[in-house]
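In: Everything below, folded, please.
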Amino acid sequence: MSTFHAGELAVQERMGVREELAPWAAKVVRPFLPEQHREFYATLPFLVAAARDGQARPWATLLVGPPGFASSPDPRRLVLAAEPGPDDPLAGRLVPGADLGLLGIEPATRRRNRVNGRIASTAANRIELRVEQTFGNCPQHIHERRWRWVDSIAAPAVRSRSFTPAMREQIAAADTLFLASGHRGAGEAASFGMDASHRGGPRGFVEVCDDRRLRFPDYAGNNHFNTVGNLLLDGRAGLLFVDFARGGVLQLTGRVTIDWDSPDVARHPGAQRLLVFELDEAVLRPTALPLRWSADGEASRTLRVLAKRRESDDVVSFLLGSPDGAPLPQFRAGQHLPIALAIPGSRDPVQRTYSLSSGPDEAAYRLSIKRHERGLASRFLHDTVEVGHGLVVRAPAGEFTVAPGARPIVLIGAGIGVTPLLSMLAALVGGDDPRRVLFVHAARDGRHHPFADEIREWARRSPRVALHVQYSRPRPEDRPGVDFDAPGRLDAARLAALLPGRDVDVYLCGPLAFMAAVQEDLERLGVPAEQIHHETMTSSAEP
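Out: Presented below is the predicted three-dimensional model:
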């Protein structure tokens, strides 16, 4: 469990996810940058950075440069052709040996990745980071924006020990903030160091309490609790608010306390806690950045529910189309659709991201959603949304898609994790892709087996597709050889018998414990880790 430090483990224990997360964490928290992440950083015009000043106070800032300013000469290093500006609180503080946390985020596609480590060397306008931990970030609450480069003349910085009227106005209008936190205990551990993270919500989700305090809801994420775990052990933190229209930044440093369960938490539907920040110092740098971003509302549109149908005891599908019948934008099989729900009793729209289960060539988008008894969004969708209702959506996004190549494809899903894999299957069978496909679906029993007939029909249509269905707890009425192929858990012996060799591309989706076990079995069987791609379906999506 060296993947996490004591604070992170304590929060995971409190939230009841430690046991489930433990086997999976070692698979997704890596000490090196995978190739796709190295390529991702090279496309970005900015990175969020978290570090400490001379008084050990955390600050968050943006490091900016033309795409390519961040490069990875090898998986253990990330080199940045950038440094903080002269009026940045971190100017002169990014030195060899210093902890540095980075967040790569692309708002237009909602891709994100975090990397933490120590600075190995510096030179003029050059920082080399030695990678110690890297992992994906949750896409929830990332507002879509597109950037452009501009000529900019920075205005003088304003420093204050309290919020000025201009600062209060910028905070109250924000839908996004970035948070710097950190912890370094005794000895050496990859889990120590600085961390840069993203927080978002509807415009105005940050409340200014007085001249020195603000607070904001903390929603469910990837269940690592890196930020909250840091704050549990060291409450010092830095906040960064970006004026996306004018290129200004507001940087704050201070101390955070965690409100776990006061009545105020309930005022924010879906929030797991509130973070209350008390200011030590603020720096407002108007027009500091040579970047501007488009308004986030440009990507929103309303789609109409064309049909609603039950797929299993706890899964319902919604078919969505344009109100005027116009064609919908194309998407890639495996991508997800962000939606915003106006739920009675919720002050703000409730945002969720659901995988598209339809094929990319179909006329309507299909969302197939499992009902969670404590799920605010899923209960509303199941119980209230009917044919004819409108849903506010953004453009499909996500990088869990089938890559080109010649290797056979293996699609392995559990429960509702089958949704992006079903879209992939439809694209592979419906197109001219010649690769062989093995589709493996693990379900509890026949009552909890969505799309059973549909998947069998796709397999029947193509001799290139092999299908295996595993029921962990079949009912007496479930028919072996008809409804399912084998009882019990999917294990290494079963996978060894099913795989069409070891040189395959695997796409894996389901609960954390399931994916951790399957990935470990696949690697033990000789499937290279870099050929195992995954998307996570966790209860964190449903507070």
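In: Please verify my assumption that residue 253 contacts residue 236.
Out: Yes. Assessed by Cβ atoms under 8 Å, residue 253 is found in contact with residue 236 at 7.5 Å. For every residue, glycine as well, the C-beta is placed using N, CA and C.
In: shared neighbours of the two, anything?
Out: Overlap of the contact sets of residue 253 and residue 236 (by Cβ atoms under 8 Å, 6 or more residues apart in numbering) consists of 57, 58.
In: higher neighbour count, the two?
Out: residue 253 (23 against 20; other Cβ atoms under 10 Å).
In: Which strands border the helix or strand containing that one, and is each parallel or antiparallel?
Out: Here residue 253 sits within strand 248-259, counting by DSSP states H and E. Here strand 248-259 is paired, per DSSP bridges, with strand 236-243 (antiparallel), strand 271-285 (antiparallel).
In: Look at residue 171 and say how many residues are nearby.
Out: Residue 171 has 21 nearby residues by other Cβ under 10 Å.
In: The helix or strand harbouring it to strand 236-243, inter-axis angle?
Out: Using DSSP H and E, residue 171 maps to helix 165-172. On the basis of axes from the mean of the first three to the mean of the last three Cα atoms, to 10 degrees, helix 165-172 is oriented at 90 degrees to strand 236-243.
In: For helix 165-172, C-alpha coordinates in CSV please.
Out: C-alpha atoms of helix 165-172 as CSV (Å, rounded to 0.1, in the frame of the first residue of the first chain):
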residue,chain,number,x,y,z
PRO,A,165,-13.9,43.4,-4.4
ALA,A,166,-12.3,42.3,-7.7
MET,A,167,-11.2,39.0,-6.1
ARG,A,168,-14.6,38.3,-4.6
GLU,A,169,-16.2,38.9,-8.0
GLN,A,170,-13.9,36.5,-9.7
ILE,A,171,-14.4,33.8,-7.1
ALA,A,172,-18.2,34.1,-7.1
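In: For that helix, the averaged confidence score.
Out: For helix 165-172, the mean pLDDT works out to 94.
In: Buried residues of that helix, list them for me.
Out: Using 16 or more other Cβ atoms under 10 Å as the test for burial, helix 165-172 gives 167, 170, 171.
In: Closest to residue 488 out of the residues you listed?
Out: Closest approach to residue 488 among the buried residues of helix 165-172 (Cβ to Cβ): residue 171, at 54.0 Å.
In: can you give me the strands in the stretch 51-200 of the chain?
Out: 58-64, 70-74, 77-80, 99-106, 111-123, 126-136, 147-149, 158-160, 176-183, 193-200 (DSSP state E, counting those that start in this stretch).
In: With distance to residue 344 and mean pLDDT as added columns, please give these in CSV.
Out: CSV is the format used below for the strands of the stretch 51-200 of the chain (distance: least, Cβ to Cβ, whole Å; pLDDT from 0 to 100):
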stretch, distance to residue 344, mean pLDDT
strand 58-64, 36, 97
strand 70-74, 44, 96
strand 77-80, 46, 97
strand 99-106, 32, 95
strand 111-123, 31, 92
strand 126-136, 33, 91
strand 147-149, 36, 90
strand 158-160, 40, 96
strand 176-183, 26, 95
strand 193-200, 23, 92
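In: Poorly predicted segments of this protein, please.
Out: Along the chain, the model assigns pLDDT under 70 to residues 1-2, 20-27, 137-140, 221-222, 295-299, 536-543.
In: 50 instead?
Out: Along the chain, the model assigns pLDDT under 50 to residues 1, 538-543.
In: That one - how does it break down into domains?
Out: Domain assignment for the chain by automatic domain parsing gives 6-293, 299-393, 409-541.
In: Save these as a markdown table, and put in distance to residue 400 too.
Out: Formatted as a markdown table, the domains of the chain follow (distance: least, Cβ to Cβ, whole Å):
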| stretch | distance to residue 400 |
| --- | --- |
| domain 6-293 | 10 |
| domain 299-393 | 5 |
| domain 409-541 | 4 |
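In: Residue 403 is nearest to which of the ones you listed?
Out: Nearest to residue 403, of all those, is domain 409-541, at 6.8 Å by Cβ to Cβ.
In: how about the helices of the stretch 401-543 of the chain, start to end?
Out: Here the stretch 401-543 of the chain has its helices, by DSSP state H, counting those that start in this stretch, at 418-430, 452-461, 492-498, 512-524.
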